[in-house]
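Colleague: structure for the following, please:
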Amino acid sequence: MGILVIGATFVDIKGFPYDNYLPTGRNAGRVEYVHGGVARNVVEDIANVELRPTFLSIVDDSPMGKAVIEKLNNHKVNTDYVLTRPDGMGTWLAVFDNNGDVAGSISKRPNMYPIAELLEEKGDEIFSKVPSVVLEVGLDKEIIKGTLSLAKKHNVKTFALVANMSIAAERRDLLQQFDCVICNQQEAGILFLDDYEHKNPEEMRDILAERIVAANIPSMVVTMGAEGAVYANQQGELGVCPAKKVHVKDTTGAGDSFCAGVAIGMTYGKTMAESVEIGTTLAASVITSSENVCPRFRPEEFGLQVEN
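Modeller: All right, here's what the predicted structure looks like:
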């Protein structure tokens, strides 16, 4: 099996205005329903690089839930460990402005506790076959602890996927156990109790290098929107990766694709710099479309030689 991804599945409802967006007024526009959730996006991104990942999640028995499974299977995602439960999917409702940025959103999370039971029952079976795991760190603590324990037991690399840093920041002791934490600039500020809004990439890179040592986090990557991303690890590797210059249509899913790219690179032998470059490329491919995930790539485009 390929990379394991653990997290929630959502239905994303996205609204786009036809004319200038009015924050406090009525806006005529179009509404799209798409399969979403950061973990679901990440697993499809990995699959779109032809790496056949495994998804551990929950859907419901509605037509939308069945469509999620069908689409993932078509993309060669292993869905053997996706559970079906009533009200098993979350909902994310978002309105976008004319720049393609989220103007406001509301989300309803599903109950993910059945995942803890699945890990207890089949965790060894799953983790004995995967090279790494990308885990949504806003899930129940039992799921986080169970995943980290299994990963350590089976020598599996771990990547922290941040969907809600306010929750993740309360679990600093658990973040220290991940091989790499991936988040955005604002989320890094929440984690380290500081404001990095006006920092340039070089400043952010140096701050990150100091903070991960103090916080005992093995490695970390921070995205900075149009300014690219910065990275650092405990071995002294650090740097800045500029963003690709592309036309922005919709930023939804760009961070998820970036995370997928970093996890792909670090799982399959790339340096942090090379891995962040892969993430940057996948993110750029997402923001130029209204899709939540990247288009199809071949592993060879990123210098990957992987047997599926």
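Colleague: the helix or strand hosting Glu203 packs against which elements?
Modeller: Following DSSP states H and E, one finds Glu203 within helix 201-215. Identification of packing neighbours for helix 201-215 by 3 or more C-beta pairs under 8 Å, 6 or more residues apart in numbering; DSSP states H and E yields helix 185-192, strand 219-223, strand 229-233, strand 238-241. Just so you know, the C-beta spots here come from the backbone N, C-alpha and C atoms, and that holds for glycine as well.
Colleague: so which of the ones you listed gets nearest Tyr21?
Modeller: helix 185-192 (21.3 Å; C-beta to C-beta).
Colleague: just the residues contacting the helix holding Glu203, thanks.
Modeller: 172, 175-176, 185, 188, 191-192, 194, 196, 199, 217-220, 222, 224, 227-228, 230-234, 236, 238-240, 242 (C-beta atoms under 8 Å, 6 or more residues apart in numbering).
Colleague: let's go with 7 Å and repeat that
Modeller: 172, 185, 192, 196, 199, 219-220, 222, 224, 227-228, 230, 232, 234, 238-240 (C-beta atoms under 7 Å, 6 or more residues apart in numbering).
Colleague: out of those, which are buried?
Modeller: 185, 192, 196, 199, 219-220, 222, 224, 228, 230, 232, 238-240 (16 or more other C-beta atoms under 10 Å).
Colleague: tell me where the model's unsure across this protein.
Modeller: 308 (pLDDT under 70).
Colleague: now the strands for it?
Modeller: Assigned by DSSP state E, the strands in the chain fall at 4-6, 10-17, 29-36, 54-59, 78-84, 90-96, 102-108, 132-136, 157-161, 180-184, 219-223, 229-233, 238-241.
Colleague: return the most buried member of those strands.
Modeller: Highest mean neighbour count among the strands of the chain (mean count of other C-beta atoms under 10 Å): strand 4-6, with a mean of 29.
Colleague: just checking, what packs against it?
Modeller: helix 38-47, strand 54-59, strand 132-136 (3 or more C-beta pairs under 7 Å, 6 or more residues apart in numbering; DSSP states H and E).
Colleague: geometric centre of the protein: which residue is closest?
Modeller: Residue closest to the average C-alpha location in the chain (C-alpha atoms, centre = their mean): Asp256, at 3.5 Å.
Colleague: the closest residue to that one other than its chain neighbours: neighbour count?
Modeller: Excluding the flanking residues, the one nearest Asp256 by C-beta to C-beta, 6 or more residues apart in numbering is Asn41, at 3.8 Å. Neighbour count for Asn41, taken as other C-beta atoms under 10 Å: 31.
Colleague: residues touching Asn41, list them.
Modeller: Gly253, Asp256, Asn292, Val293.
Colleague: those into CSV, with extra columns for distance to Ile13?
Modeller: Listed next are the contacts of Asn41 as CSV, based on distance: C-beta to C-beta, whole Å:
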residue, distance to Ile13
Gly253, 14
Asp256, 17
Asn292, 12
Val293, 17
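Colleague: now, those that are in helices?
Modeller: Assignment to helices by DSSP state H places the following of the contacts of Asn41 there: Asp256.
Colleague: which of the contacts of Asn41 tops the neighbour count?
Modeller: Asp256 leads the contacts of Asn41 on contacts (other C-beta under 10 Å) with 30 neighbours.
Colleague: correct me, but that one touches Val43?
Modeller: No - under the criterion of C-beta atoms under 7 Å, Asp256 makes no contact with Val43, lying 9.5 Å away.
Colleague: looking at the strands of the chain, spot the one closest to Ala283.
Modeller: strand 219-223 (7.7 Å).
Colleague: tell me how far the closest one lies from the chain's centre.
Modeller: Computed by C-alpha atoms, centre = their mean, to the nearest Å, the chain-centroid distance of strand 219-223 equals 12 Å.
Colleague: quick one: that strand to strand 229-233, angle?
Modeller: Our comparison of strand 219-223 with strand 229-233, counting by axes from the mean of the first three to the mean of the last three C-alpha atoms, to 10 degrees, yields an angle of 170 degrees.
Colleague: check which helices and strands strand 219-223 sits against.
Modeller: Partner elements for strand 219-223 (3+ C-beta pairs under 7 Å, 6+ apart): strand 180-184, helix 185-192, helix 201-215, strand 229-233, helix 254-267.
Colleague: strand partners (parallel or antiparallel) of it?
Modeller: Paired neighbours of strand 219-223 in the sheet (DSSP bridges): strand 180-184 (parallel), strand 229-233 (antiparallel).
Colleague: which residues touch that strand?
Modeller: Taking C-beta under 7 Å, 6+ apart as the rule, strand 219-223 contacts 179-185, 188, 204, 208, 212, 229-234, 255, 258, 262, 272, 276.
Colleague: one more pass at 6 Å, please.
Modeller: Residues from elsewhere that reach strand 219-223 (C-beta atoms under 6 Å, 6 or more residues apart in numbering): 180-182, 184-185, 188, 208, 212, 229-231, 233, 258, 262, 276.
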